[in-house]
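Peer 1: need coordinates for the following:
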Amino acid sequence: MPQKVRIALDAMGGDAGAAVVIPGAAISLKRHPDTEFLLFGDSALLDAELAKYPELKAASRVVHTDVAVSMDDKPSQALRRGRKNSSMWLAIEAVKKGEAGVAVSAGNTGALVAMARFCLRMQAGIDRPALAAVWPTMRGNSVVLDLGATIGGDARHLVALAVMGSAMASVLFNLERPTVGLLNIGVEEMKGHEEIREAAELLRATNLPQLDYIGFVEGDGIGRGDADVIVSEGFSGNIALKATEGTARQIMTFLRNAIEKSFLARIGYLLARGAFRELRDKLDPGKSNGSVLLGLNGIVVKSHGGTDAEGFASAVEVGYEMVHFDLLTKINQMLNRDGALVPESAA
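Peer 2: Below you'll find the model as predicted:
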């Protein structure tokens, strides 16, 4: 592993662009001093922000471009207008050229997926990319994918997701054989779409040595942490993600309103302030910000577009971990083990 982990940042991506990206990178640098940054964007804006953070400026190189992908751009528009010269494309291309170990962007998700797929290409044995994130649960953390990179998928695609998610879980959680569950509407074998049932049969039949398939997991099992890896196609996975984030904000709003209703409630809050702070951190989506785009010949991390500096720092740190622990090599080893992702005799 190189002594320094070099991270390419789309400094113009997201709702706030450099105003969040630069302070977020500064926070991450304090936690990981062995990081270097390539910053792609308007050099005048970036230099002005970097002047506030001398340590980050010393660890960064700015590459100018005045082209930024809009949050409203369709993927096809972004490719036509931003290919080769946008801050998003250049950050991804830095990974392809070996100039950076990972690219991080808070920009348009559809555009990021399209550009990353076009620039980096897919790994052998993988048809399309998937967004995977670390999900806080009652028993720790789980990896959940796909969170919306693509929609739908056949049984082999779901098995590929299981393999990639297991690689990520083994790297992050130091597990030799992570448990894997398929997200479904019930745990009975006859439940769910045909593709999910076929994927379950493949996972049972092949008994892949890199993962421990435990069966179907219902929606409430994600939060319980029923498996180290929860696999879903992108449509259902994205709904689960947004529903969970919305529920977390709803709970915090209800709690805040209840505390403000009476003097005694406010006294109770003061007495239990530490516990409430811990609850807030657990429910804050920004604390677990950063989804990894898996299946590519390179690592790309997607941050929430509306995140703050602390949230963007979390996404940067996800990228740091993926490079530091060599996720790409781990996935390739798992995909190529025994010569095929799913042996022909089981397909």
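Peer 1: for the helix or strand containing Gly110, which outside residues touch it?
Peer 2: Under DSSP states H and E, the secondary-structure element containing Gly110 is helix 109-120. Residues outside helix 109-120 that contact it (C-beta atoms under 8 Å, 6 or more residues apart in numbering) are 13, 69, 73-76, 78-79, 82-83, 88-89, 92-93, 95-96, 103, 105, 128-129, 131, 148-150, 293, 296-298, 300, 302, 305. Every residue, glycine included, has its C-beta placed from N, CA and C.
Peer 1: need the contact partners of the helix or strand following it.
Peer 2: Next along the chain after helix 109-120, taking DSSP H and E as the criterion, comes strand 130-137. In this structure, residues lying in contact with strand 130-137 by C-beta under 8 Å, 6+ apart are 109, 113, 141-150, 161, 164-165, 168, 172, 222-225, 230, 234, 237, 241, 244, 282, 287-288, 290-295, 302, 318.
Peer 1: ok, now with 7 Å
Peer 2: Taking C-beta atoms under 7 Å, 6 or more residues apart in numbering as the criterion, the residues outside strand 130-137 that touch it are 141-149, 161, 164-165, 168, 172, 222-225, 282, 288, 290-295, 302.
Peer 1: among those, which lie within helices?
Peer 2: Helix and strand membership here follows DSSP state H; of these, those in helices are Leu161, Met164, Gly165, Met168, Leu172, Ile222, Gly223, Arg224, Lys282.
Peer 1: any of the residues you listed buried? List them.
Peer 2: In terms of neighbour count (16 or more other C-beta atoms under 10 Å), the buried residues within those are Leu161, Met164, Gly165, Met168, Leu172, Ile222, Gly223.
Peer 1: tell me the least confident of those residues?
Peer 2: Sorting these by pLDDT puts Leu172 at the bottom of the list (84).
Peer 1: is that one in contact with Glu321, as I believe?
Peer 2: Yes: counting by C-beta atoms under 7 Å, Leu172 sits close enough to Glu321 to count as a contact (6.5 Å).
Peer 1: ok, now which ones touch Arg277?
Peer 2: Taking C-beta under 7 Å, 6+ apart as the criterion, Arg277 is in contact with no other residue.
Peer 1: distance check, it against Leu270.
Peer 2: In this view, Arg277 and Leu270 are 12 Å apart by C-beta to C-beta, to the nearest Å.
Peer 1: how about the nearest residue to Val229, chain neighbours excluded?
Peer 2: Across the structure, with C-beta to C-beta, 6 or more residues apart in numbering as the measure, the residue nearest Val229 apart from its sequence neighbours is Gly165 (4.0 Å).
Peer 1: surely that neighbour meets Ala227?
Peer 2: No: because the distance of 9.6 Å does not satisfy C-beta under 7 Å, Gly165 is recorded as not touching Ala227.
Peer 1: which residues are in contact with each of these two?
Peer 2: With C-beta under 7 Å, 6+ apart applied, the overlap between the contact sets of Gly165 and Ala227 consists of Val180.
Peer 1: output the lowest mean pLDDT helix or strand found in the protein.
Peer 2: Comparing every helix and strand of the chain by mean pLDDT, DSSP states H and E singles out helix 273-283 as the least confident one, with a mean of 67.
Peer 1: just to revisit the earlier point, can I get the ones in helices among the contacts of strand 130-137 in a markdown table with distance to Lys261?
Peer 2: Formatted as a markdown table, these follow (distance: C-beta to C-beta, whole Å):
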| residue | distance to Lys261 |
| --- | --- |
| Leu161 | 45 |
| Met164 | 47 |
| Gly165 | 43 |
| Met168 | 43 |
| Leu172 | 41 |
| Ile222 | 32 |
| Gly223 | 27 |
| Arg224 | 31 |
| Lys282 | 23 |
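Peer 1: what's the closest of those to Val5?
Peer 2: When the ones in helices among the contacts of strand 130-137 are ranked by distance to Val5 (C-beta to C-beta), Leu172 comes first, at 15.5 Å.
Peer 1: where's that closest one relative to Val69, distance?
Peer 2: Looking at Leu172 against Val69, where the rule is C-beta to C-beta, the gap reads 29 Å.
Peer 1: how about Pro136?
Peer 2: Where Val69 is concerned, Pro136 sits at a distance of 30 Å (C-beta to C-beta).
Peer 1: what about those two, which has more around it?
Peer 2: Taking Pro136 and Val69 together and counting by other C-beta atoms under 10 Å, Val69 has the greater number of neighbours (26 against 19).
Peer 1: quick one on the thing from earlier: enumerate every residue touching the residue nearest to Val229.
Peer 2: The neighbours of Gly165, taking C-beta under 7 Å, 6+ apart as the test, are Ala132, Val143, Leu145, Val180, Val229, Val231.
Peer 1: apply 6 Å and report the result again.
Peer 2: Residues counted as contacts of Gly165 (C-beta atoms under 6 Å, 6 or more residues apart in numbering) are Ala132, Val143, Leu145, Val229.
Peer 1: strands along the stretch 1-150 of the chain, start to end?
Peer 2: Assignment of strands within the stretch 1-150 of the chain using DSSP state E, counting those that start in this stretch yields the ranges 5-10, 35-41, 60-64, 102-105, 130-137, 140-145.
Peer 1: got those strands as a markdown table, with distance to Thr253 columns?
Peer 2: What follows is the strands of the stretch 1-150 of the chain, written out as a markdown table (distance: least, C-beta to C-beta, whole Å):
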| stretch | distance to Thr253 |
| --- | --- |
| strand 5-10 | 32 |
| strand 35-41 | 35 |
| strand 60-64 | 38 |
| strand 102-105 | 29 |
| strand 130-137 | 19 |
| strand 140-145 | 24 |
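Peer 1: this completes my enquiry, with thanks.
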